[in-house]
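Trainee: Provided below are the primary sequence and the corresponding predicted coordinates.
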Amino acid sequence: MVQIDQQRTWAKVEQRLATETDPVLRRNLELLLQHMKAEATLDMDPLMATVSEQARYTQFGRGHVIEGKAAVRQFYEDFAASGAHKLSLDIDRLVVDRDCILTEGLMRMAYPGATLRAMGIDVDEPDAYYLYETHMAIVWPIDEDGLFIGEDSYTGVDGFAGIAGRKLDGSEIVTYEPPQLAGQTS
């Protein structure tokens, strides 16, 4: 059984933060952690607080480029509206330096059938979720202000090929629920 657990996305980042002593590398890891958790909960203000005005996102497997912070915000809003935000990047490799981070691992996403139909992919149930799975590397360049100026992704095989593309059952998707802060009511 496949499990898409959003918390796997930042598990290696938290492990590295627990031992990292260099203040610049810690800042970069904290930036990535904030970005990942905000993306998981679709919390746009903390998410966009990690992105530079001069951001340029490139999806090399698709040849898709997004330029400028406003366009990046629109990308995330469209992503949220698609319902495909339930994802897990199970990181095998995490490389952190002063100007860049590299994450690499197995990306799994739960795509709503209705979204896939809108993309021209034939599915039998528009209300079900379908597995997207591929190996992915993401390069996260960081500017002098400590913000992401890019999110450049490289993907392996078609994420809907093979085992991917099959219908998921609800137990295979674990959604991250951020902890309540003291004094905060739901």
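Mentor: Great, that's in hand. Treat the numbers as computed from the prediction; the structure is a model and nothing was measured. Numbering: from 1, shown residues only.
Trainee: switch to C-alpha atoms for all contacts and neighbour counts from now on
Mentor: Fine.
Trainee: Test my guess that R98 contacts R26.
Mentor: No: if you go by C-alpha atoms under 8 Å, R98 and R26 don't touch, sitting 9.6 Å apart.
Trainee: which of those two has more neighbours?
Mentor: Counted by other C-alpha atoms under 10 Å, R98 and R26 do not tie: R26 has more neighbours, with 20 against 17.
Trainee: quick one: pLDDT of the more buried one?
Mentor: pLDDT for R26: 98.
Trainee: now for the one helix or strand it maps to, which elements pack on it?
Mentor: Assigned by DSSP states H and E, R26 belongs to helix 23-41. Contacting helix 23-41 under the criterion 3 or more C-alpha pairs under 8 Å, 6 or more residues apart in numbering; DSSP states H and E are the following elements: helix 8-19, helix 44-48, strand 86-96.
Trainee: Mind putting those into TSV with mean neighbour count?
Mentor: Formatted as TSV, the helices and strands packed on helix 23-41 follow (neighbours: other C-alpha atoms under 10 Å):
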stretch	mean neighbour count
helix 8-19	16
helix 44-48	16
strand 86-96	19
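Trainee: Report pLDDT for D158.
Mentor: At D158, pLDDT is 76.
Trainee: element containing it, please.
Mentor: Using DSSP H and E, no helix or strand contains D158.
Trainee: you'd agree it is up against L131?
Mentor: No: with contact defined as C-alpha under 8 Å, D158 does not reach L131; the gap is 11.4 Å.
Trainee: Of these two, which one has the most company?
Mentor: Neighbour count, other C-alpha under 10 Å: between D158 and L131, L131 has more, with 25 against 14.
Trainee: returning to that earlier point: distance to T175 and mean pLDDT for the helices and strands packed on helix 23-41 - can I get that in a markdown table?
Mentor: Formatted as a markdown table, the helices and strands packed on helix 23-41 follow (distance: least, C-alpha to C-alpha, whole Å; pLDDT from 0 to 100):
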| stretch | distance to T175 | mean pLDDT |
| --- | --- | --- |
| helix 8-19 | 11 | 97 |
| helix 44-48 | 17 | 97 |
| strand 86-96 | 7 | 95 |
